[in-house]
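Asker: need a 3D model of the following:
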Amino acid sequence: MRIATWNVNSLTARLQHVLDWLIANPVDVLCLQELKMSDDKFPLEVLQSAGYHAAVFGQKTYNGVAILSLAPVRDIAKNIGGFADDHSRVISATIDTPAGELRVVNGYFVNGQAPGTEKFAYKMSWLRAMREWLREELATHPRLVLLGDFNIAPEDRDSFDPVGLAETIHHTTEERDHFKALLGLGLADSFRLFEQPEKSYSWWDYRMLGYQKNRGLRIDHILVSEPLVPHAKSCTIDRVPRKWDKPSDHAPVTLELDA
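Answerer: Reported below is the predicted structural model:
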């Protein structure tokens, strides 16, 4: 089973990219972030024609998340339970697999702008709420995957310039502590379960030849619960779509699980 995450930075602009990528990479589940469209604009029929069921939580202009799955999805939930939020940032669904139920939680984590700002304070409260809600989700759904654009580079090796960018957004001690706290719930960073090339990133700035110079960050993650760790076979970042015409600034990340 292959599960992927991809911040497409506007599904309107990148729909053909998604379709082309799915033809070359027919994953079982693809989680999308930053749809930047309302539910009524979501290309459901097009994606159904490609073989995918969909759970969608859109928002006009900003945010928006979706889960595409070859198998039907059920028990769909939107955003973090008990946390009032006007932004469409989280969608969860259960997928029945040959190995049992799999709970998929797809999140577009808050960016935070800069330490000391109101948006950073919102990020901190959002991350606290996510952790406490996820604790309950894990108790109910022991086979769980949390994936998406976390807007956190967990370690220095996840940044092209850990010294120059120290304590700036995505790199702060507070953000990294929240990431560690998620792992503390019994989740594992699937990318780090395997030997990986140095300077492996999933996001590159459009400006200043960010991709060409590999000035990137690894901020797109797939975390798996303890029962899934023995079944993880690989986790990779696909840089190919970042080379396409008018690409998203993020690349897809894919986890492969055995049966």
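Asker: for this structure, which segments are assigned as helices?
Answerer: Counting by DSSP state H, one finds helices in the chain at the ranges 11-24, 44-49, 118-140, 173-183.
Asker: make TSV out of those and add distance to Met1, mean neighbour count and mean pLDDT.
Answerer: Every residue, glycine included, has its C-beta placed from N, CA and C. Shown next, in TSV, are those (distance: least, Cβ to Cβ, whole Å; neighbours: other Cβ atoms under 10 Å; pLDDT from 0 to 100):
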stretch	distance to Met1	mean neighbour count	mean pLDDT
helix 11-24	15	16	98
helix 44-49	19	13	98
helix 118-140	19	17	98
helix 173-183	22	17	98
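Asker: neighbours of the residue lying closest to Ser225 once chain neighbours are set aside, how many?
Answerer: Distances taken as Cβ to Cβ, 6 or more residues apart in numbering put Leu144 closest to Ser225, at 4.5 Å, once the chain neighbours are dropped. Look at Leu144: counted by other Cβ atoms under 10 Å, it has 25 neighbours.
Asker: so what's Leu144 up against?
Answerer: By Cβ atoms under 8 Å, 6 or more residues apart in numbering, the residues touching Leu144 are 102-105, 137-138, 187, 224-225, 228.
Asker: list just the nearest of those to Gln113.
Answerer: Nearest to Gln113 among the contacts of Leu144, counting by Cβ to Cβ, is Val105 at 24.0 Å.
Asker: and the closest one, how many neighbours?
Answerer: 25.
Asker: correct me if wrong: it contacts Thr140.
Answerer: No - contact criterion Cβ atoms under 8 Å: Val105 and Thr140 do not qualify, at 11.8 Å.
Asker: which of the helices of the chain sits closest to Asp220?
Answerer: helix 173-183 (12.7 Å).
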